[in-house]
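> Pasting the sequence and the predicted coordinates here, then a few questions.
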Amino acid sequence: MNNVIPVTISARHMHLSEADAQTLFGADVALTPVPGSEGKKQYPAVERVAMHGPKASFPRVAVMLPLYKEFTQIEISLSDARAMGLEAPIRNSKDVVGSPGVKLVGPAGEVDIDQGVIVSRRHIHAPIEWAEERGLKHDQVVKLEIRSDIRSLIFDDVILRVEKGLSRAVAHIDVDEANAAGVSGACEGTVIY
């Protein structure tokens, strides 16, 4: 059975709540999808937001669509967290309670979020059929091997997110993890379980 899947590298980005998006971009906010990204479950907007921490700022952070209903979540790398002076925890998506906050500045306003900054736990989005064929379950922990000409390695503690409506399995790692494996841009990895 072939366990090779695409691996995407996730740079810093945010999932804004509808209320925060209105504050940052105006009451009649209508963010523009990046051309060619439509049809995906989550996709980037053309618009960007500045993010300010205690020690450093990032002027143009990507905003993901669709907007969240209830809260804002910002995903950064451990290197970003250290640069900004934040102690961002490594968490699964949407697990933001007790995480640090930052100031966000958009073209129409600014908002101080009191929590929401996390380092996303490396994970694999997997179709139900793909997982069942391999005897894998939602929230199961697997390993991911990435081979490169520079520095191949095996990532441990990779969480499996089994979901409806996916056409293929895909792994997400952050920029720090990609650098550790010596890869940039899209690559492939082998799921080990």
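Sure thing, it's come through.
> going forward, measure contacts and count neighbours with C-alpha atoms only.
OK.
> gap between residue 23 and residue 54?
Noted for residue 23: a distance of 22 Å to residue 54, by CA to CA, to the nearest Å.
> who's more crowded, the two?
The neighbour comparison of residue 23 against residue 54 (other CA atoms under 10 Å) goes to residue 23, with 20 against 11.
> element containing the more buried one, please.
Element membership of residue 23 [criterion: DSSP states H and E] is helix 18-25.
> Give me the distance from that helix to the chain's centre.
Centroid displacement of helix 18-25 relative to its chain, using CA atoms, centre = their mean, to the nearest Å, is 20 Å.
> helices or strands next to that helix in the packing?
Here helix 18-25 touches strand 110-112, going by 3 or more CA pairs under 8 Å, 6 or more residues apart in numbering; DSSP states H and E.
> Tell me the buried residues in the strand it packs on?
Residues of strand 110-112 classed as buried by neighbour count (16 or more other CA atoms under 10 Å): 110, 111.
> now swap in stretch 141-159 and tell me
So for stretch 141-159, counting by 16+ other CA under 10 Å, buried means 141, 142, 143, 144, 145, 146, 147, 153, 155, 158, 159.
> From the residues you listed, pick the one nearest residue 91.
Nearest to residue 91 among the buried residues of stretch 141-159 is residue 159, at 10.6 Å by CA to CA.
> residues in contact with the closest one?
121, 122, 123, 124, 139, 140, 141, 142 (CA atoms under 8 Å, 6 or more residues apart in numbering).
> show me what contacts the second one?
Okay, so that is residue 122. Applying CA under 8 Å, 6+ apart, the residues contacting residue 122 are 157, 158, 159, 171, 172, 173, 174.
> Next up, phi/psi of it, please.
The phi/psi pair for residue 122 (degrees, to the nearest 10) reads phi -60, psi 140.
> which residues in the chain form helices?
18-25, 78-84, 128-133, 175-181 (DSSP state H).
> Return the most buried member of these.
Counting by mean count of other CA atoms under 10 Å, helix 18-25 has the highest mean neighbour count of the helices of the chain, with a mean of 20.
> List the neighbours of that one that are in contact with it.
Residues outside helix 18-25 that contact it (CA under 8 Å, 6+ apart): 28-29, 49, 67-70, 72, 104-111.
> just to revisit the earlier point, which of the contacts of residue 159 fall within strands?
123, 124, 141, 142 (DSSP state E).
> Am I right that the second one is in contact with residue 163?
Spelled out, it's residue 124. No - using CA atoms under 8 Å, residue 124 makes no contact with residue 163, being 10.1 Å away.
> number of nearby residues for residue 182?
If you count neighbours by other CA under 10 Å, residue 182 ends up with 16.
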